[in-house]
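A.B. asks: Sequence first, then the predicted structure:
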Amino acid sequence: MRFDLVALPLAATCLFLAGCAPATRVVLLPQPDGRPSAVTVASSATGAQLVLDAPYAQADISSMGGVARDVTDEKTVRKNYAQLLAITPAPAQHFTLHFVLGSTELTTESLAELDAILTKATALPGGEILVTGHTDRVGAVSANDALSLQRATLIRDMIVQRGFDPLRVYAAGRGERKPIVPTADEVEEPRNRRVEIEVR
């Protein structure tokens, strides 16, 4: 499960002051899509640990290795950790293109969206792109494995042609294993014939 957190070592001179902030603070940030997340925070010195499982839950680890739970809020985090948040990577972007049955030919709708999707996908030159191909359950499993990889490779090549670093674009085929819409074998389902593009 993916989580976002802020882990902050504080200035050593601060540790000698009574009531000063902890040596390390961990703050669990909310997911951009609202999904729940959690992280276990443990002290290497004492083995003490606790689980942060709510947005803005906070763990403070003292210089002696104690771990204490606290809670903060968005306004405080933005104020205290503005520089750190400024360098946080943008959330991953997801795009989907659909294909004609049994082929590497894009549907009319996806063909119309292709240029805009490729432009968005290549707008972050410092990231990486994962292109994953899928099929519906029509045809043999081995044939669908090959077809899904062909679909992913086709879109990967288009992204590379746009000037994106080929060493940071990955193509994978998943065949019929991860359908959007579960069906019985040999049932056509256009929504399953797709390539998913993740820009991260």
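C.D. replies: Thanks, I have the structure now. Residues are numbered from 1 along each chain as shown.
A.B. asks: Averaged over its residues, which helix or strand of this protein has the lowest pLDDT?
C.D. replies: Within the chain, confidence by mean pLDDT, DSSP states H and E is lowest for strand 4-9 among all helices and strands, at a mean of 44.
A.B. asks: Please, where are all the strands along this structure?
C.D. replies: For the chain, the strands defined by DSSP state E occupy 4-9, 24-29, 39-42, 49-52, 57-61, 67-71, 93-98, 129-133, 169-173, 194-199.
A.B. asks: got those as JSON lines, with mean neighbour count and distance to Thr153 columns?
C.D. replies: In this view, the C-beta of every residue, glycine as well, is placed from N, C-alpha and C. Below are these laid out as JSON lines (neighbours: other C-beta atoms under 10 Å; distance: least, C-beta to C-beta, whole Å):
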{"stretch": "strand 4-9", "mean neighbour count": "14", "distance to Thr153": "32"}
{"stretch": "strand 24-29", "mean neighbour count": "21", "distance to Thr153": "36"}
{"stretch": "strand 39-42", "mean neighbour count": "16", "distance to Thr153": "36"}
{"stretch": "strand 49-52", "mean neighbour count": "16", "distance to Thr153": "41"}
{"stretch": "strand 57-61", "mean neighbour count": "22", "distance to Thr153": "43"}
{"stretch": "strand 67-71", "mean neighbour count": "14", "distance to Thr153": "48"}
{"stretch": "strand 93-98", "mean neighbour count": "17", "distance to Thr153": "13"}
{"stretch": "strand 129-133", "mean neighbour count": "23", "distance to Thr153": "8"}
{"stretch": "strand 169-173", "mean neighbour count": "18", "distance to Thr153": "5"}
{"stretch": "strand 194-199", "mean neighbour count": "22", "distance to Thr153": "10"}
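A.B. asks: Identify whichever of the ones you listed lies nearest to Asn144.
C.D. replies: strand 169-173 (8.5 Å; C-beta to C-beta).
A.B. asks: now the angle from the closest one to strand 129-133?
C.D. replies: Interaxial angle of strand 169-173 relative to strand 129-133 (axes from the mean of the first three to the mean of the last three C-alpha atoms, to 10 degrees): 20 degrees.
A.B. asks: Would you indicate which residues of the helix ranked longest in the chain are buried?
C.D. replies: Secondary structure of the chain per DSSP state H: the longest helix is helix 141-161. The neighbour-count check on helix 141-161 (16 or more other C-beta atoms under 10 Å) flags 144-156, 158-160 as buried.
A.B. asks: likewise stretch 161-168?
C.D. replies: Buried residues in stretch 161-168 (16+ other C-beta under 10 Å): Phe164.
A.B. asks: got it, and stretch 91-110?
C.D. replies: Result for stretch 91-110 [16+ other C-beta under 10 Å]: buried residues Gln93, Phe95, Leu97, His98, Phe99, Thr104, Leu106, Thr107, Ser110.
A.B. asks: of all those, which comes closest to Val199?
C.D. replies: Among the buried residues of stretch 91-110, and counting by C-beta to C-beta, the member closest to Val199 is Gln93, at 4.3 Å.
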